[in-house]
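Novice: curious how this folds, go ahead:
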Amino acid sequence: MVLVACVLSLAGCKQGDKKNLLPNVSGKAGEVLVVIEREQWEGNLGVAIRDVLAMDTPYLAQREPLFNLSNVPPGSFNSMFKMHRNMLLININPQNQTNGVVYKNNMWAQPQALVQINAADADEALALFNEASATISEFFEQSERDRIIANSKLYEESALREPVRKVTGGILHFPTGYRCRKFTDSFVWIADEKQYVQQYVMIYRYPVPAEGDVFSVENIINTRNRVMQDNVPGMFEGSYMTTSTAQEPTTRSLRYRGRDFMETRGFWEVHGDFMGGPFVSHSFYSPDGKDIIVLEAFVFAPRYDKRQYLRQVEALLYSFEWDSAEKD
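Specialist: Numbering: from 1, shown residues only. From the prediction side, this is the model:
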């Protein structure tokens, strides 16, 4: 996964100095401000933007947009709006010197993510957006994750590093509030359990299978079901976590900061009970190639929308770092 980020600096200032002088961003997590003329917002360009950035978040039980969008015309785009955390700026001007898509960080505030589309007319802006839509969406998604990870490192529950290190050879950065529920030589269960919202991370490893496609969805889910049955019991006797068959899980291969992994998304449920929710996992090889390591995030929040809760705990998976000794 590669994002092109262009960080602008003030004349006469070092980049680090500029960041220290910038105010904090405004806006709620998961919001994107679209700066666009009303005519374009109500036309084909606006439809395309909403189809991508406000699409249904995959693998949630109820419909929730990927991002909450709001829009403001360029003429009203004042200093108050420039503080927003995520912005898509549509710059349509036949006199633009260079047209294309530009990715910027910390333009007017920090930590801020801004995508600017420079085009001569609305048709060109639409073509540019369609071509870069997946990268634009991922740019905002990763910016949201990065804010969560930065906060986790700032308020880290450092005692959780050791059990993760013993199972994986690396660390995850958990914020205050998470605790270890179960720890064995090959499995760790870490949880933040509030009254109505529970956020969980499961971490486990197993030997690389001798046969078959290691990262096929069948192998990943079959192994997941075995591990969960052995380690995650339900409230009632004979109940345990498993993978729901109501909607087939999906996988995709990703690369993030030099680490290749297979992402799996699906629904979990409890065999013998009426509990369930979304999960996402990352599966990858151990440094010696002998084991598969799995980092899994899932939530249980039956009273609330789940997009942001899942995004919060999923971001923790992206905080994974190999221990320096393991990398060597």
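Novice: what average pLDDT does the longest strand along the chain get?
Specialist: When the chain is parsed with DSSP state E, its longest strand is strand 259-271. Over the span of strand 259-271, the pLDDT mean works out to 94.
Novice: starting at the chain centroid, how far to it?
Specialist: On the basis of CA atoms, centre = their mean, to the nearest Å, strand 259-271 sits 14 Å off its chain's mean C-alpha point.
Novice: list the buried residues of that strand.
Specialist: For strand 259-271, a neighbour-count test (16 or more other CB atoms under 10 Å) marks 261, 262, 263, 264, 265, 266, 267, 268, 269, 270, 271 as buried. (Each C-beta comes from the backbone N, C-alpha and C, glycine too.)
Novice: closest to residue 246 among these?
Specialist: Comparing those against residue 246 with CB to CB picks out residue 267 as the nearest, at 6.3 Å.
Novice: so the closest one sits right up against residue 275, yeah?
Specialist: No - in this structure, residue 267 is not within contact of residue 275 by CB atoms under 8 Å, at 11.0 Å.
Novice: contacting residues around the nearest residue to residue 54 once chain neighbours are set aside?
Specialist: In this structure, residue 54 finds its nearest non-sequential neighbour in residue 65, 4.2 Å apart by CB to CB, 6 or more residues apart in numbering. Contacts for residue 65 (CB atoms under 8 Å, 6 or more residues apart in numbering) come out as 53, 54, 55, 56, 57, 307.
Novice: count the residues that sit near the fourth one.
Specialist: Translated: residue 56. Using other CB atoms under 10 Å, residue 56 is surrounded by 12 other residues.
Novice: next: the one 3 residues further on.
Specialist: Taking other CB under 10 Å as the neighbour definition, residue 59 ends up with a count of 18.
Novice: what secondary structure does it sit in?
Specialist: In three-state terms, and counting by DSSP: H, G, I helix; E, B strand; the rest coil, residue 59 is coil.
Novice: verify the stated contact: it with residue 278.
Specialist: Yes - at 4.7 Å, residue 59 and residue 278 qualify as touching, with contact defined as CB under 8 Å.
Novice: include distance to residue 313 when you put the buried residues of strand 259-271 into JSON lines, please.
Specialist: Below are the buried residues of strand 259-271 laid out as JSON lines (distance: CB to CB, whole Å):
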{"residue": "261", "distance to residue 313": "17"}
{"residue": "262", "distance to residue 313": "19"}
{"residue": "263", "distance to residue 313": "14"}
{"residue": "264", "distance to residue 313": "15"}
{"residue": "265", "distance to residue 313": "13"}
{"residue": "266", "distance to residue 313": "15"}
{"residue": "267", "distance to residue 313": "15"}
{"residue": "268", "distance to residue 313": "13"}
{"residue": "269", "distance to residue 313": "18"}
{"residue": "270", "distance to residue 313": "18"}
{"residue": "271", "distance to residue 313": "23"}
